[in-house]
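Asker: Sequence and computational prediction follow.
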Amino acid sequence: MCWTFIPCRSKTIPRTIWMTCTQVMMIITYLLFASAIDGTLFAATALLGICYGVQFSIMIPTVSELFGLKHFGLFYNFMSLGNPLGAFLFSGLLAGYVYDNEAAKQQVPNLLSSSSISCLGPNCFRLTFLVLAGACGLGSILSIILTMRIRPVYEMLYAGGSFRLPQTSNH
């Protein structure tokens with residue numbers, strides 16, 4: 001199997017390597033968010049959106065290659081659970097908890113308005129972005145492990161150039 005960036009029709013880079021690359025770019029993006037460097041918000045947001053798009057577009061054919069199409073609807077729905085589950089865990093629970101704690105730290109005793117507590121500055125979500133970077137780091141490691149484990153599958157599928165075309169023998 002060809003594991004380099006040399007373009008060849010029958011031997012290509014496994015899709016899981018591209019997943020690892022996007023995970024690494026997402027780590028960098030989340031660290032940019034956590035560092036709150038001026039002028040990086042829009043570029044980091046665009047990069048994060050591109051990475052999510054690449055991730056989702058790579059997952060679908062990878063799952064179909066590895067598990068087949070017999071139960072593809074079940075696998076697709078299982079993959080689709082990632083977005084709402086991640087939004088609930090990281091946005092609803094983690095980000096809310098971190099924001100509330102940071103807002104409580106910044107609270108100044110105010111006799112006029114004690115009902116509204118808000119957080120100002122980059123510390124409000126820094127821990128959330130660091131946790132997200134760590135989750136992407138774990139995802140990168142798991143993508144590398146997956147790549148190593150499925151290498152024989154890809155070698156078998158693409159040994160003749162395509163797993164869709166019948167292989168001919170030159171006997």
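Answerer: Now that the structure is in, tell me what you want to look at. No experiment lies behind these values; they were computed from the predicted model shown.
Asker: helix/strand/coil for the spatially most central residue of the chain?
Answerer: Centroid-nearest residue in the chain: Gln23, 5.0 Å away (criterion: C-alpha atoms, centre = their mean). Here Gln23 is recorded as helix under DSSP: H, G, I helix; E, B strand; the rest coil.
Asker: how close does it get to Lys105?
Answerer: Distance, Gln23 to Lys105, by C-beta to C-beta, to the nearest Å: 32 Å. Heads up, the C-betas are built off the backbone N, CA and C, glycines and all.
Asker: which sections of the chain are below the confidence cut-off?
Answerer: 1-11, 108-115, 157-171 (pLDDT under 70).
Asker: shouldn't Ala133 be in contact with Met25?
Answerer: No - in this structure, Ala133 is not within contact of Met25 by C-beta atoms under 8 Å, at 11.3 Å.
Asker: Neighbour count for these two, which is higher?
Answerer: Ala133 (19 against 16; other C-beta atoms under 10 Å).
Asker: need the contact list for the more buried one.
Answerer: Applying C-beta atoms under 8 Å, 6 or more residues apart in numbering, we find Ala133 in contact with 26-27, 30-31, 34.
Asker: now the helices: where do they sit in this protein?
Answerer: Remark: helices assigned in the chain by DSSP state H are 15-35, 41-67, 72-80, 82-86, 96-106, 126-157.
Asker: Looking at those helices, which one is packed in the most?
Answerer: helix 15-35 (a mean of 19; mean count of other C-beta atoms under 10 Å).
Asker: can you list contacts of it?
Answerer: For helix 15-35, using C-beta under 8 Å, 6+ apart, the contacting residues are 3, 40-41, 43-44, 47-48, 51, 54-55, 58-59, 61-62, 65, 122, 125-126, 129-130, 132-133, 136-137, 139-140, 143-144, 146-147, 150.
Asker: Just give the closest residue to Ala103, not the sequence neighbours.
Answerer: Cys119 (3.9 Å; C-beta to C-beta, 6 or more residues apart in numbering).
Asker: correct me, but the one you found touches Gln106?
Answerer: Yes - the pair Cys119 / Gln106 is scored as a contact, 5.7 Å apart, by C-beta under 8 Å.
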